[in-house]
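S.K.: this one's sequence-less:
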């Protein structure tokens with residue numbers, strides 16, 4: 001579907017939002033190459049339209065919950081369009097932090113690391129244990145068994161590093177909270193005033209907060225950012241009490257328990273990027289996309305993940 005045709009049909013469906021606007025009032029200022037993500041201006045307001053195979057309702061619902069605790073783009077509508085689904089939201093101000101890292105000095109980088117860790121911890125402690133059964137399914141790797149199935153589907157059955165990773169797996173997940181799933185600089189918007197919003201909730205689910213922490217620490221190390229500062233800042237914010245009608249701050253996992261479980265979650269994140277590297281090798285289209293300048297950062301993470309994966313195999 002052509003960009004303008006998709007946007008025109010969404011505008012026509014939402015007259016209460018767009019009024020008398022038509023496609024002639026729309027300016028598409030960016031279209032993502034990896035997904036059908038259209039960023040456009042209509043009547044001076046900025047929007048993002050995501051077209052996906054499935055998951056629009058889940059992402060819409062998760063963004064509504066996350067928006068109660070931290071700054072996220074406002075989800076406006078979701079629905080079906082032909083054989084796909086769509087999610088319409090406001091456009092977050094600023095730019096993706098990943099695109100700004102090269103121009104940031106050491107102090108600004110440290111500030112970003114510190115504040116981004118605090119935002120993640122605030123999300124986790126604010127949503128901790130507020131849902132007991134309404135867990136949203138996710139495509140993220142959340143266990144060794146899922147990792148094994150993914151590797152097998154990629155043509156690598158009986159991966160040698162699996163037993164090592166399985167031995168590292170904690171006995172229980174502990175606290176359950178809203179997990180972002182891809183918490184790294186490309187999904188954190190930044191402007192001159194600081195962090196403005198956290199975007200891309202397509203991989204979110206209810207699970208252990210350590211999925212996010214381990215993933216973020218792996219990414220910080222891969223990108224040359226201060227992972228130790230991130231962890232300190234996260235634990236400082238995590239320790240602040242938050243009590244609501246549905247959760248109890250006294251049930252939060254203690255920092256020492258978090259630290260003892262983190263090696264597993266960091267390693268899990270590394271192996272996930274190892275599997276992404278395998279997919280890229282097998283798919284010429286993905287290979288072309290990920291070797292474009294805008295995804296150079298991901299190649300660093302993939303290389304780091306491959307090193308970890310090799311080490312697990314002994």
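M.R.: In hand now; what should we look at? Quick caveat: nothing in here was measured; it's all calculated off a predicted structure. Numbers count the residues shown, from 1 in each chain.
S.K.: drop to CA atoms for contacts and neighbour counts, all remaining ones
M.R.: Noted.
S.K.: ok, which stretches of this protein are strands?
M.R.: Listed in chain order, the strands of the chain (DSSP state E) span 26-31, 36-42, 45-52, 75-81, 84-90, 95-96, 177-179, 188-191, 194-198, 205-207.
S.K.: can you redo the ones you listed as CSV with mean pLDDT and mean neighbour count?
M.R.: Output for the strands of the chain, formatted as CSV (pLDDT from 0 to 100; neighbours: other Cα atoms under 10 Å):
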stretch, mean pLDDT, mean neighbour count
strand 26-31, 59, 14
strand 36-42, 82, 18
strand 45-52, 89, 19
strand 75-81, 93, 17
strand 84-90, 93, 19
strand 95-96, 95, 20
strand 177-179, 91, 25
strand 188-191, 97, 20
strand 194-198, 97, 21
strand 205-207, 87, 24
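S.K.: show me the contacts for residue 278.
M.R.: By Cα atoms under 8 Å, 6 or more residues apart in numbering, residue 278 lies in contact with residue 154.
S.K.: quick one: it and residue 128, what's the gap?
M.R.: According to Cα to Cα, to the nearest Å, residue 278 and residue 128 sit 34 Å apart.
S.K.: next: residue 110.
M.R.: In this view, residue 110 and residue 128 are 27 Å apart by Cα to Cα.
S.K.: and what of residue 236?
M.R.: 16 Å.
S.K.: now the strands of the chain as a markdown table including distance to residue 215?
M.R.: Below are these laid out as a markdown table (distance: least, Cα to Cα, whole Å):
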| stretch | distance to residue 215 |
| --- | --- |
| strand 26-31 | 27 |
| strand 36-42 | 24 |
| strand 45-52 | 24 |
| strand 75-81 | 25 |
| strand 84-90 | 25 |
| strand 95-96 | 18 |
| strand 177-179 | 11 |
| strand 188-191 | 14 |
| strand 194-198 | 15 |
| strand 205-207 | 13 |
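S.K.: wait, which of these is closest to residue 118?
M.R.: strand 194-198 (11.0 Å; Cα to Cα).
S.K.: off-centre distance for the closest one?
M.R.: Between the centre of strand 194-198 and the centre of its chain there are 14 Å (Cα atoms, centre = their mean, to the nearest Å).
S.K.: pull up the pairing partners for that strand, direction included.
M.R.: Partner strands for strand 194-198, per DSSP bridges, with pairing direction: strand 188-191 (antiparallel).
S.K.: got the contact list for the residue nearest the centre of the chain?
M.R.: Centroid-nearest residue in the chain: residue 182, 2.3 Å away (criterion: Cα atoms, centre = their mean). Counting by Cα under 8 Å, 6+ apart, residue 182 touches 200-201, 203-204, 212, 215-216.
S.K.: how far away is it from residue 201?
M.R.: Distance from residue 182 to residue 201, counting by Cα to Cα: 8 Å.
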